[in-house]
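Asks: Need coordinates for the below:
(one chain, ligands or ions: 4)
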Amino acid sequence: MPVSDSVDLDGEAEADTDAERDASGDGLPINELFYSLQGEGTLAGVPSVFVRTSGCNLRCWFCDSYHTSWEPTHAWLPLEEILAEIESHDADHVVLTGGEPLIHEESVELLAALDDRGYHTTVETNGTIHRDAPIDLASISPKLESSTPTPERDPKGEGEWEDRHERDRIDLETLARLVEDYEFQLKFVVTDEDDMPEICDLLADLRAVADVPIRDDDVLLMPEGATRDRLAETRTRVADLAMEYGFRYTPRLHVDLWNDAPET
Ligand SMILES: C[S@@+](CC[C@H](N)C(=O)[O-])C[C@H]1O[C@@H](n2cnc3c(N)ncnc32)[C@H](O)[C@@H]1O
Ligand SMILES: Nc1nc2[nH]cc(C(=O)O)c2c(=O)[nH]1
Ligand code: SF4
Ligand SMILES: [Mg+2]
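Replies: Ligands and ions are numbered 1, 2, ... in the order given. Below is the predicted model of the structure:
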């Protein structure tokens, strides 16, 4: 799905100020929509349609979807058009991702329409926003300190997003509501062993406030890497950490298969 203009969607000003917004108001800014194999998590390998919304409230330095976060681009599509495109593929699973799909109120309507049509829905989210919606799997990827765009790691500017990212990346109450309300997986992007104390501390805090059990089995370590070359540097280290800590390891199948090609 080709996209055109660049408009800032950072999750606060959100869509309402966007002059391009569909007049009927029931659309979403779509960065890409494609058919692929789920590459990550417990459903890895399952044929799925991916709907990637544009705009994010965070700015991970390593974000593999640069054109939904650092420089968001999109086409505004009415929900009927999104649904028609999804239905043109022969799949039972739909993955709603971004950017951060839950910054958009209209994501709820899309999920409801998908539920009506019998799809299994996965929502890929950074865990900072909760919405009531028919979500079959909340694929939550809380962001660690190592994701913060410090001036040295900023892919675009000179650290302008550092403070906001650091302020907003973890919201324990929101994480608790997500794990309480939905089937979930917690999928942490890991570069090396320095990430592990923060994961363990966060899990302890979340277990203390959430009303549902969080099993080690619900926790997945995913190697940081947007390209095959980068994954070759991180994945064995992360696999070893998964064994050491008793968490699951998830590959990034799509990167192994198609590297960093768009619409994969
Ligand atoms: C682009 S994000 C969109 C959904 C949501 N904003 C989030 O971060 O969960 C989709 C998934 O890709 C992961 N991801 C993004 N960049 C990555 C990278 N360079 N290496 C490994 N995982 C990455 C995120 O952690 C998340 O699990
Ligand atoms: N194949 C494939 N699987 C994925 N699982 C989560 C993805 C995402 O970007 O949210 C993703 C993606 O971009 N491609
Ligand atoms: S939260 Fe997700 S979409 Fe937003 S910058 Fe981080 S990885 Fe990218
Ligand atoms: Mg991806």
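
Asks: quick one, what contacts residue 38?
Replies: For residue 38, the contacting residues are 44, 45, 46, 47, 48, 93, 95, 122, 253, by Cβ atoms under 8 Å, 6 or more residues apart in numbering. For glycine as for every other residue, the C-beta is placed from the backbone atoms N, C-alpha and C.

Asks: Next, it: phi, psi?
Replies: phi -60, psi 120 (degrees, to the nearest 10).

Asks: Then the one 3 residues further on?
Replies: The phi and psi torsions at residue 41 (degrees, to the nearest 10) take the values phi 90, psi -170.

Asks: Report the contact partners of it.
Replies: 122, 137, 139, 185, 187, 220, 222, 250.

Asks: With distance to ligand 2, pLDDT and neighbour count added, can I get the residues you listed in CSV?
Replies: CSV is the format used below for the contacts of residue 41 (distance: Cβ to the nearest ligand atom, whole Å; pLDDT from 0 to 100; neighbours: other Cβ atoms under 10 Å):
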residue, distance to ligand 2, pLDDT, neighbour count
122, 8, 99, 26
137, 11, 99, 20
139, 7, 99, 26
185, 11, 99, 21
187, 9, 99, 22
220, 12, 99, 21
222, 10, 99, 23
250, 9, 98, 22
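
Asks: Among these, which are located in helices?
Replies: Residues from those lying in helices, with DSSP state H as the criterion: none.

Asks: between the contacts of residue 38, which is closest to ligand 3?
Replies: residue 95 (13.4 Å; Cβ to the nearest ligand atom).

Asks: Specify the local secondary structure of the closest one.
Replies: With DSSP: H, G, I helix; E, B strand; the rest coil as the basis, residue 95 sits in strand.

Asks: who does it bridge with?
Replies: Beta bridges link residue 95 to residue 50, residue 122, judged by DSSP bridges.

Asks: check contacts around residue 118.
Replies: residue 92.

Asks: mind listing what the closest residue to residue 246 other than its chain neighbours touches?
Replies: Excluding its sequence neighbours, the residue lying closest to residue 246 (Cβ to Cβ, 6 or more residues apart in numbering) is residue 216, at 4.9 Å. Shown in contact with residue 216 (Cβ under 8 Å, 6+ apart): 245, 246, 247.

Asks: Buried subset of the residues you listed, written for PyMOL?
Replies: This is the PyMOL syntax for the buried subset of these, where burial follows 16 or more other Cβ atoms under 10 Å:
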select buried, resi 247
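
Asks: Now, the contacts of residue 216 that are in strands?
Replies: Per DSSP state E, strands hold no members of those.

Asks: Looking at the contacts of residue 216, spot the one nearest residue 66.
Replies: Of all the contacts of residue 216, residue 66 sits closest to residue 247, with 27.9 Å by Cβ to Cβ.
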